[in-house]
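Asks: Below are the sequence and a predicted model for it; my questions follow.
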Amino acid sequence: MVNPSSVVAALPRRPLVVGNWKMNGSRVANGELLAALRSAGPFDAEVAVCCPFPYLPDVALSLQGSGIGWGAQDCSSHESGAYTGEVSAGMLAEFGCRYVIVGHSERRVHHGESDQVVADKARIALSHGLTPIVCVGESDAEYEGGLTESVVKRQLSAVVHTLGHCVSQIVVAYEPVWAIGTGKTALPEQAQAVHAVLRAQLAAASTRAAEMRLLYGGSVTASNAQAMFLQPDIDGGLVGGASLKASEFSATCRAAMAAALESSGKSKK
Ligand code: PEP
């Protein structure tokens, strides 16, 4: 019988699955969701949930000691000051956040966030000890126009230039916009091709690119997760809708670990 933690430690990258609750939930519903998630754990994959700002204290309390991390869905690109309505990375750190999503397409589209603003958010998050999950991804029109590679490279390039070698401390999530919340998932091979491009771009900036986690996001569910996570450069997922159901989300987290073990040729038995 192999010790599960030694199997996990031997993997080149520990899979990571992050739930993005978006603007969903209530104090009661969140409590139930997190209690169910806790009892479904512990997970060998690293697991975290990114909740709306006001729920952070409740989420921190519910998840304390569970091994499941928590984070937020955005932060300001500024340190502090006259930025009404914004929340700083320092504030998120005070609530024990491990992660913060930056550059989600819903922020880029609805709030006009530029590549440079997203890069500045990643920089400030790192300076407060948070791990930014930097989202990149092409729109439907860009996909149809064959622009996927150039769009994601442009988006990541701003982050690489801003962070320099510290870029190795981020997580990147490739989320084709046409796959978010639509039920249309990219084919695993399509997503892998984009992930390989992103990892090569990171490798040009950091010697640690092979250790970095690159996530796929876009209509991930428990049933399509394993095929996606079996791809060599896909190290887990950023999960929206399916993170709102404990059974679906926990099955997705288990699929990430099963895929990592399968592709490394290791087994826990
Ligand atoms: C997301 O919001 O980042 C996302 C991927 O959503 P969904 O899983 O619902 O497509």
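Replies: Structure received. All figures in this text were calculated on a predicted structure; none of them were measured in a lab.
Asks: which residue does the stretch 151-269 of the chain bring closest to the ligand?
Replies: Of all residues in the stretch 151-269 of the chain, Gly240 sits closest to the ligand, at 2.1 Å by Cβ to the nearest ligand atom. The way it works is simple: take the backbone N, C-alpha and C, and place the C-beta from them, glycine included.
Asks: quick one: that residue from Met91, how far?
Replies: According to Cβ to Cβ, to the nearest Å, Gly240 and Met91 sit 24 Å apart.
Asks: between those two, which one's more packed in?
Replies: Gly240 (21 against 17; other Cβ atoms under 10 Å).
Asks: contacting residues around that one?
Replies: Applying Cβ atoms under 8 Å, 6 or more residues apart in numbering, we find Gly240 in contact with Gly19, Asn20, Lys22, Ile180, Gly181, Gly217.
Asks: Apply 7 Å and report the result again.
Replies: With contact set as Cβ atoms under 7 Å, 6 or more residues apart in numbering, Gly240 has these partners: Asn20, Lys22, Ile180, Gly181.
Asks: gap between it and Ala36?
Replies: Taking Cβ to Cβ, one finds Gly240 at 18 Å from Ala36.
Asks: what do you get for Leu92?
Replies: 25 Å.
Asks: When these two are compared, which one has more neighbours?
Replies: Leu92 (25 against 15).
Asks: residues in the stretch 151-269 of the chain within reach of the ligand, list them.
Replies: Glu175, Ile180, Gly181, Gly217, Gly218, Ser219, Val220, Leu238, Val239, Gly240, Gly241, Ala242 (Cβ under 6 Å from any ligand atom).
Asks: Could you verify my assumption that the last one touches Gly218?
Replies: No - judged on Cβ atoms under 7 Å, Ala242 makes no contact with Gly218 at a distance of 11.1 Å.
Asks: quick one: which of the two has more around it?
Replies: Gly218 (27 against 21).
Asks: Now that one. Its backbone dihedrals?
Replies: phi 140, psi 90 (degrees, to the nearest 10).
Asks: That one contacts Ala173, correct?
Replies: No - with contacts counted by Cβ under 7 Å, Gly218 stays clear of Ala173, the gap being 9.4 Å.
Asks: Filter the residues of the stretch 151-269 of the chain next to the ligand down to the buried ones and hand me the ChimeraX line.
Replies: Buried residues within those, by 16 or more other Cβ atoms under 10 Å, are selected in ChimeraX with:
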select :175,180,217,218,219,220,238,239,240,241,242
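Asks: Where is pLDDT lowest across the residues of the stretch 151-269 of the chain next to the ligand?
Replies: Lowest-confidence member of these: Gly181, scoring 90 (pLDDT).
Asks: any chance you could map the helices in the stretch 101-250 of the chain?
Replies: 105-110, 115-127, 140-144, 148-163, 188-203, 222-229, 246-264 (DSSP state H, counting those that start in this stretch).
Asks: Contacts only, for the residue of the stretch 1-150 of the chain found nearest the ligand.
Replies: Nearest to the ligand, among the residues of the stretch 1-150 of the chain, is Asn20, at 4.3 Å (Cβ to the nearest ligand atom). Shown in contact with Asn20 (Cβ under 7 Å, 6+ apart): Cys50, Gln73, Ile101, Leu238, Val239, Gly240, Ser243.
Asks: Quick check: bridge partners of the third one?
Replies: Note on Ile101: beta-bridge partners by DSSP bridges are Ile133.
Asks: Pretty sure it sits against Pro52.
Replies: No - using Cβ under 7 Å, Ile101 is not in contact with Pro52; the gap is 11.7 Å.
Asks: neighbour-wise, which of the two wins?
Replies: Ranked by neighbour count (other Cβ under 10 Å), Ile101 and Pro52 place Ile101 first, with 27 against 16.
Asks: OK, contacts around that one?
Replies: Counting by Cβ under 7 Å, 6+ apart, Ile101 makes contact with Asn20, Cys50, Gln73, Asp74, Ile133, Cys135.
Asks: Just the closest of these to Ala119, please.
Replies: Cys135 (12.2 Å; Cβ to Cβ).
Asks: Quick one: neighbours of the closest one, just the number.
Replies: Neighbours of Cys135 (other Cβ under 10 Å): 26.
Asks: Please apply the same query to Leu11.
Replies: Applying other Cβ under 10 Å, I find that Leu11 has 17 neighbouring residues.
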